[in-house]
Each structure stands twice: as structure tokens, then as C-alpha cells.
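Asks: predicted coordinates and the sequence they were generated for:
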Amino acid sequence: MQEKVQMLKKKARWVRTKVLNTIARLRKGHLGGTLSCTDLLVALYYGKIMRFDAANPNWSERDRFLIGKGHAHLALYYIWTDLGFFDVRKLEEYGTDGSSLGFQLDRNIPGSEYNTGSLGHVIGIGAGMALAAKMDRKAYKTIVLVGDGECDEGSIWEAVMFASRYRLNNLMTIVDRNQATVIENRVEDDGSGRLEEKFKMCGWESITINGHSFEQILSAFTGLEKFNRPLAIIADTVKGKGASFLEQGAKWHHLVPSAEEFDRVIREFELEAET
């Protein structure tokens, strides 16, 4: 297990470095929310959690992965190219006019299951895929990742109740709870209760993990067959994870570091790799 965890940590540092380099070069992007979910994405794709065939992205038996917070696309682009979904040279055109790799995901990109953009729809789409698997007697699972701010959308909870009604135990939702939405309020400060409680009240199983602990992420996806209801994994994360000054709340949702700040982050990554 420890060897696997070390491999995942190394891969996560690599993804964060690539993301940071690209955003520094283009002078635009969304660092905070991308870095908060990087460990989750790395665990899903490199931790043997999902079944997929990078050489055949549309393989009918693949597990489906959908992300609501499409602004975290850049981490996925580097993961997908590293795994062989498409040629890394395609990333060279990212951010240029006419590029086939946009600042949101779309179904023309190998690895992407749907078009991201408007928040609040992804659990509903995932529930539809999970229901289709049940009806077609397919074994694939559907994993959805949303941000905690996204959980303010009413359509999220309509989909959650739908999934409960049809007992879609092949549907898992990960909430990237980084506690810092773009408008700087905590989602759970509205008096409506904790996310864990909300999912349970809607008929879901719910567990809470440290979203930066690979041991806990991997453990959350062990023994899924014991659940007969959908599963919500509430992953406590840090916005801007990996760089000390980026871990300071909502302002780094879309701000880009200066050249000096960029060099500081890279040094922190290098020091982490040495420990």
C-alpha cells in the first residue's frame, strides 16, 4: 500500500506542476479548485479505482467519470495525455485560437463523458447513466465529482432524490468540500445542515474522508458491493492545495500567481519531493 501511495503522491505533484506551469504561461485559469481535487482525480485514474481503456475511450464496459466543476479540466487533460487517451502534443495547442481543447470539457475530447459548463446538472446526468447500466444489466459504475459550492444548486438535490428512489447503488458522488466558493461563503453556513446529513436524509449512504489522503480515498472505494443505495463521499480538501500562499481561500479561484509567486510554488513542490 505504501509503495502505491508514494506513486500517487509523486503523480499528483507532477499534475500540479504541469497545471501551474500552463496557467502561468497563459496567464489565465482556475488554480484553487483544480489543486483541491487533484489528489482525488489522481487516485481515480492511477489508483485502480476505475475501469477504462485509454486506447478505446468509448469502451462500452468502462466506468463513467463525470465532473461538474469543469474549470478543473486542466488536471484531467494532463492525466488523460499521460495515460494515452490522446497525444500529449495536442496539449501544445491548448489556449490558442481554434484549439480543440477548450476551457471546459466536451464530448469530442477523448475521456470526457459530457459537456461541462453550467453547474448543477452532473449528478442528474450521472444518475441517468447509472440507471441505464441497471436497465441494460451492465456492471460499470458511474462516479461524479462536484464542488461544495455546486451543491447550492436545486437541480443537484432533485437528482439526488431521483437516484435514491431507484436505489442506484452503482452511482457514487464525490463532493470536493474545499470550503471556499468563489463568493467566499461556506456552503454549510446557510443553516440547512451538513452535506453528510443532507445526502443521508435523501436516502444515500454517506462517508467523510480527507480528500488529500490517498489511503482514505482508496479505502472509500473498497467494498462498494455492500451498499444497496447511492454513495456520497464528502472529501474535505484545501483550495489551492500544495502551495502555502495559494491555500488562502476564494481569491485564488481564478487569480494567477506573479512570476515571483510562481517560482515560490515550484520551490515548495521541489522541497516536498525531497522529503
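Replies: All right, it came through fine. Numbers count the residues shown, from 1 in each chain.
Asks: quick check: closest non-adjacent residue to G242.
Replies: For G242, ignoring the flanking residues on the chain, the nearest one in space by C-beta to C-beta, 6 or more residues apart in numbering is R16 at 4.9 Å. All C-beta atoms are positioned from the backbone trio N, CA, C, and that covers glycine.
Asks: so how far is F269 from that neighbour?
Replies: With the distance defined as C-beta to C-beta, to the nearest Å, R16 ends up 7 Å from F269.
Asks: same thing with T237?
Replies: Between T237 and F269 the distance, using C-beta to C-beta, works out to 18 Å.
Asks: any idea how many residues pack against G147?
Replies: 26 (other C-beta atoms under 10 Å).
Asks: same check on the one 4 residues further on?
Replies: Each residue near C151 was counted by other C-beta under 10 Å, and the total is 24.
Asks: would you confirm that it contacts E196?
Replies: No - between C151 and E196 there is no contact under C-beta atoms under 8 Å: 11.6 Å.
Asks: the more surrounded of R16 and F269?
Replies: Counting neighbours by other C-beta under 10 Å for R16 and for F269 shows that R16 has the greater number, 24 against 17.
Asks: which ones are touching the more buried one?
Replies: Contacts for R16 were tallied using C-beta atoms under 8 Å, 6 or more residues apart in numbering; they are L35, T38, A75, G242, F269.
Asks: just D236 next, same as before
Replies: R177, Q179, T208, I209, N210, G211.
Asks: by neighbours, which of these wins?
Replies: In the contacts of D236, the most neighbours by other C-beta under 10 Å go to G211, 27 neighbours.
Asks: got any ranges where the stretch 151-275 of the chain has weak pLDDT?
Replies: Low-confidence regions of the stretch 151-275 of the chain, defined here as pLDDT under 70, cover residues 180-192, 245, 247-255, 273-275.
Asks: which parts of it are helices?
Replies: In order along the chain, the stretch 151-275 of the chain carries the following helices (DSSP state H, counting those that start in this stretch): 154-165, 195-201, 214-220, 259-274.
Asks: cool, thanks, signing off.
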